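In: Return a 3D structure for these sequence lines:
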Amino acid sequence: MSGVITASEPSWIAPFTGLSPRVFGRLVTALRREGVESQGRGRPWKLSLEDRVLLVTVYWRTNLTMRQLALLFGVSKSTVDRVVDDLGPRFALRPRRRFAKDAVLIVDGTLVPTRDHSVAERSKNYRYSTNHQVVIDADTRLVAVVGRPLPVNRNDCKAWALSGAEEAVGRTTVIADGGYRGTGLVIPHRRGRGQSELPAWREDHNASHRHVRARVEHAFARMKTWKILRDCRLKGDGVHHAMLGIARLHNLALTG
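Out: The predicted model follows:
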C-alpha cells in the first residue's frame, strides 16, 4: 500500500510539521551526518531516512495515533512504532557545555500531561503530568538545556536541582520567577514582613524582570504547538525524548 504523504513532495512538509522544507532539509542533513542512516542488524527500513524523519515530526506535531500514521505513510503500525522508538531519541537536543561569561539564561518549569502514570503525578488540573525544567538563552531565545522530567509533586525549587538543569548551567547567571526562592537564581523582589509595598526602584526592577522572563513563556508557547506536549501517550523515557527533540526543532525553526 502506498503512503499518502512523503518527504519527496515538499508541499506536505510545512502543513504536517510546521517546518519549512529548507529547515526540514537541514534536520535530515544533520541526522545523516550523525550516522542515523547507517544500517545495523535486522531488516532494512521500508521508508527512506527523509520519510522516517517526516513520520516522527508529524507524530510529534499532530499527536495522531500509530494506526493513523501507518495509514498516512503506507506502512504497518509496528513499523511506525519501530521508527518512533529508533529515531525519536536521536533528535535529542545536545545541552550546551559552555556559556559566555556575560550570558544570561532564563529557566522555568512547564507541565506535560503524560499517560504513563509511573513517571507522573496529578497536577493542579487533575491530570497526570511531568515537570520539565527548560533553560533558554535570554539573548537568542534558543533552548539551551532541558532537564530530566520529574513528577509534578516536585516544586520548581527541587526540580531545578533534581532534573540536572542546575548542574548543566554551572555558575551562569539565570533568571527565574518567585518559585525558585533559595536557589541562588535571580528572582523578583518580594515584600518583607510588615511591608505594604516595595520601593519604586524595586518595582522597576520587577517590571524589567517580568519583561525579560516572559521570553521563556513564549518559548513554551512555540514548543507546545507540537501537540504531543499537550497529551503524551509515550511510555517511560518517551516524554523526555519528545521534549528534547522538540527543543531541537524549536531551535532549528528560530535559526531557520
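
In: Direction included, what does the lowest-mean-pLDDT helix or strand in the chain pair up with?
Out: Ranked by mean pLDDT, DSSP states H and E, the helix or strand of the chain with the weakest confidence is strand 121-122, at a mean of 89. Based on DSSP bridges, the strands next to strand 121-122 in the sheet, each with its direction, are strand 128-137 (antiparallel).

In: ranges for the helices of the protein?
Out: 13-17, 21-33, 49-62, 66-73, 77-87, 156-162, 165-169, 200-223, 238-255 (DSSP state H).

In: which residues touch the second one?
Out: To tie it back to what came earlier, the one meant is helix 21-33. 7, 10, 13-14, 17, 19, 37, 49-50, 53-54, 57, 87, 90-91, 249, 252-253, 256 (CB atoms under 8 Å, 6 or more residues apart in numbering). The way it works is simple: take the backbone N, C-alpha and C, and place the C-beta from them, glycine included.

In: same thing but at 6 Å, please
Out: Residues from elsewhere that reach helix 21-33 (CB atoms under 6 Å, 6 or more residues apart in numbering): 10, 13, 50, 53, 252, 256.

In: residue contacts, the closest residue to residue 81 other than its chain neighbours?
Out: Sequence neighbours aside, residue 66 is the residue nearest to residue 81 in space, at 5.9 Å (criterion: CB to CB, 6 or more residues apart in numbering). Applying CB under 6 Å, 6+ apart to residue 66 gives the contacts 77, 80-81.

In: and those, which are buried?
Out: residue 80 (16 or more other CB atoms under 10 Å).

In: ok, the contacts of residue 66 vs residue 228, which is closest?
Out: Nearest to residue 228 among the contacts of residue 66, counting by CB to CB, is residue 80 at 13.9 Å.

In: Need the per-residue pLDDT for that closest one.
Out: For residue 80, the model assigns a pLDDT of 95.

In: Ok, the one 5 residues further on next?
Out: pLDDT, residue 85: 94.

In: got the domain boundaries for the chain?
Out: 10-91, 104-235 (automatic domain parsing).

In: what about residue 218, how many residues close to it?
Out: For residue 218, the count of nearby residues is 11 (other CB atoms under 10 Å).

In: now it: how far from residue 30?
Out: As defined by CB to CB, to the nearest Å, residue 218 lies at a distance of 25 Å from residue 30.
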